[in-house]
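K.L.:
build the 3D model from these lines:
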Amino acid sequence: MTMFACVTCQNNSALGGSDAVGWSIFFLLIVILAMVGLVAFFMVRLAIRAKKCSREEELSLLAEHSLSHQNQSF
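P.N.:
Residues are numbered from 1 along each chain as shown. A predicted model of the protein is given here:
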């Protein structure tokens, strides 16, 4: 585990407690990756919803425009 650690962690592991240092770095890495993943997931989800709502609004405006155009021709 010390081959992936920074210099500070390598020096601390020489004094003892290397398991705790290694596991704490691993835990923090997992927490950071989970948070980045969640942010990315919700950003994609919001983009998909916005695109869907935009299409529905565009279709309703188009239908409203075509109905008003048909009423004017009569």
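K.L.:
now the helices for this protein?
P.N.:
Here the chain has its helices, by DSSP state H, at 7-15, 18-73.
K.L.:
let's have the ones you listed in JSON lines, adding mean neighbour count and mean pLDDT.
P.N.:
Where C-beta positions appear, they are placed from N, C-alpha and C, glycine not excepted. Listed next are the helices of the chain as JSON lines, based on neighbours: other C-beta atoms under 10 Å; pLDDT from 0 to 100:
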{"stretch": "helix 7-15", "mean neighbour count": "12", "mean pLDDT": "62"}
{"stretch": "helix 18-73", "mean neighbour count": "10", "mean pLDDT": "86"}
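K.L.:
what's the spacing between Gln70 and Leu62?
P.N.:
Gln70 sits 13 Å away from Leu62, going by C-beta to C-beta, to the nearest Å.
K.L.:
ok, Leu33 next?
P.N.:
43 Å.
K.L.:
can you check Lys52 too?
P.N.:
To Leu62, Lys52 is 16 Å away according to C-beta to C-beta.
K.L.:
cool, Arg49 as well?
P.N.:
Per C-beta to C-beta, Arg49 is found 20 Å from Leu62.
K.L.:
likewise Phe41?
P.N.:
The value you get for Phe41 to Leu62, if C-beta to C-beta is used, is 32 Å.
K.L.:
cool, and Gly22?
P.N.:
From Gly22 to Leu62 the distance is 60 Å (C-beta to C-beta).
K.L.:
do Leu38 as well
P.N.:
Between Leu38 and Leu62 the computed distance is 36 Å (C-beta to C-beta).
K.L.:
repeat for Ala47
P.N.:
Going from Ala47 to Leu62 by C-beta to C-beta gives 22 Å.
K.L.:
do Trp23 as well
P.N.:
Trp23 sits 58 Å away from Leu62, taking C-beta to C-beta as the criterion.
K.L.:
and what of Arg45?
P.N.:
Using C-beta to C-beta, Arg45 is found at 26 Å from Leu62.
K.L.:
what of Gly37?
P.N.:
Distance from Gly37 to Leu62, by C-beta to C-beta: 38 Å.
K.L.:
ditto for Leu46
P.N.:
Separation of Leu46 from Leu62 (C-beta to C-beta) stands at 24 Å.
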